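Student: Here is a sequence with its predicted model. Questions after.
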Amino acid sequence: MFPVSFEYVRAHSAEEALAALVQHGGDARVLAGGQSLIPAMRYRLARPVVLVDIGDLSELNTLTEEGGHLHIGATLRDAALEFTPWINQRYSLLSDVSRVVADPVVRHMGTVVGSVCHNDPSGDWTAAALAARAILTVRGAGGDREVQIDDFLIDAFTTAVQDGELAVSMRLPTPGARTQGSYQKIERKVGDYATCAAAVQLTLDEGGLISAAGVAITAAATTAVRVKKAEAMLVGQRPSLHLLQEAALEASILSTPVADARGSVAYKKDMARVLVLRGLKQSLERLNAGVTGTGVQA
Ligand SMILES: Cc1cc2nc3c(=O)[nH]c(=O)nc-3n(C[C@H](O)[C@H](O)[C@H](O)COP(=O)(O)OP(=O)(O)OC[C@H]3O[C@@H](n4cnc5c(N)ncnc54)[C@H](O)[C@@H]3O)c2cc1C
């Protein structure tokens, strides 16, 4: 099927993109990598009157570390993370995700920020953003505002970005030597959306106690969700298999998946537990490999 006709604006600067978005308000949609929006338009699930294409904006194609955060610009492709060695060395959670989103073709077009803005209930980047405590910078006519990821993801395909606004970047705290993460995804075949997936990030203090925990699951509700009870259970504790198992169980309890061709509700709920447990274990294994003297036993 062909999309309904639309006006196309190729922005040459973020300023130009914002001006077009402000001018056209609710009639306009941002086009980033087009990997979700174009299919939606072809199925006529989305019918924007004006498409504002930011895909070529080099000023937003950025990946920098500054002020204790990793800054991901709005046009940075998934593949840029996948093939950046220092990301693979130091950002284990993001590195894991960058290898399992869709397939290589999609990853060379799709953007990280675009994926978070799309907020698919089975999105991979949204779960990672929750576990890593991301903050989005959203630009509108009145300037920039910062939105914590928990407030950004409102409901399926709905975020805090309003008509006439553009998400210009996402930032995440730079993990220190005592922070590691893991992304665990089950998919029917390579390139598929998750049947269920879990994003985990753990920080240990010098005595080997968990000082910070991020746990999120996707394909488990209308958006990716943080498993706050698991996080609270983990923080301040010394890791043990029993603790990890109890925390992982919270993911299963929180999960409210729908039955479909990928699996039954019971199967998906149990996978939430299994994947969080695997993510916790792998985070600790990575910590043990990189940090000596933590006394961690998982
Ligand atoms: C075959 C296939 C398999 C896929 N598998 C997966 C998968 O396994 N896991 C997964 O997570 N995703 C998957 N995807 C989706 C893919 O990762 C998309 O690239 C991603 O969801 C959207 O990124 P994009 O840059 O292409 O955004 P677009 O498609 O351009 O935009 C998506 C939405 O976000 C809005 N938007 C984009 N950027 C901004 C911005 N800066 N500010 C405000 N609004 C913005 C757009 O207006 C639109 O509503 C798959 C896609 C395909 C085609």
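Tutor: Cool, got the structure.
Student: in what helix or strand does the residue sitting nearest the centre point of the chain lie?
Tutor: Geometric centre of the chain, nearest residue: Trp125, 2.0 Å, by C-alpha atoms, centre = their mean. If you go by DSSP states H and E, Trp125 is part of helix 124-131.
Student: residues in the chain within reach of the ligand, list them.
Tutor: Contact residues (C-beta under 6 Å from any ligand atom) of the chain with the ligand: 29-37, 39, 74, 101-102, 106, 110-111, 113-115, 117-118, 120, 123-125, 161, 166-167, 191, 193. Every C-beta, even on glycine, is put in place using the N, C-alpha and C of the backbone.
Student: Now with 5 Å, please.
Tutor: By C-beta under 5 Å from any ligand atom, the residues of the chain that approach the ligand are 29-37, 74, 101-102, 106, 110-111, 113-115, 117-118, 123-124, 161, 166-167, 193.
Student: Sort out for me which of those are in helices.
Tutor: 37, 106, 113-115, 117-118, 124 (DSSP state H).
Student: ok, so of the residues you listed, who is nearest the ligand?
Tutor: Nearest to the ligand out of those is Gly114 (C-beta to the nearest ligand atom; 2.5 Å).
Student: Show the contacting residues for the closest residue in space to that closest one that isn't next to it in sequence.
Tutor: Leaving aside its chain neighbours, Gly114 sits nearest to Ala32 (3.5 Å; criterion: C-beta to C-beta, 6 or more residues apart in numbering). Residues counted as contacts of Ala32 (C-beta atoms under 8 Å, 6 or more residues apart in numbering) are 54-55, 74-75, 110-111, 113-114, 117.
Student: What of Thr137?
Tutor: Going by C-beta under 8 Å, 6+ apart, Thr137 touches 144-147, 167-171.
Student: Measure how buried the closest residue to Leu153 other than its chain neighbours is and give me the count.
Tutor: Sequence neighbours aside, Thr223 is the residue nearest to Leu153 in space, at 4.6 Å (criterion: C-beta to C-beta, 6+ apart). Thr223 has 23 neighbouring residues, counting by other C-beta atoms under 10 Å.
Student: cool, and Gly143?
Tutor: If we define neighbours as other C-beta under 10 Å, then Gly143 has 7 of them.
Student: ok, what's across the strand from it?
Tutor: Following DSSP bridges, Gly143 is listed with bridge partners Gly140.
Student: how far away is it from Pro257?
Tutor: Distance of Gly143 to Pro257, given as C-beta to C-beta, to the nearest Å: 39 Å.
Student: Of the ones in helices among the residues of the chain next to the ligand, just say which sits nearest to Ala14.
Tutor: Nearest to Ala14 out of those is Val113 (C-beta to C-beta; 12.3 Å).
Student: For the residue lying closest to that closest one once chain neighbours are set aside, give me its contacts.
Tutor: Spatial nearest neighbour of Val113, chain neighbours left out: Ala74 (4.4 Å); criterion: C-beta to C-beta, 6+ apart. Residues in contact with Ala74 (C-beta under 8 Å, 6+ apart) are 32, 54, 57, 60, 111, 113-114, 166-169.
Student: If you rank these by neighbours, which is first?
Tutor: Comparing the contacts of Ala74 by number of neighbours (other C-beta under 10 Å), Ile54 comes first, having 30 neighbours.
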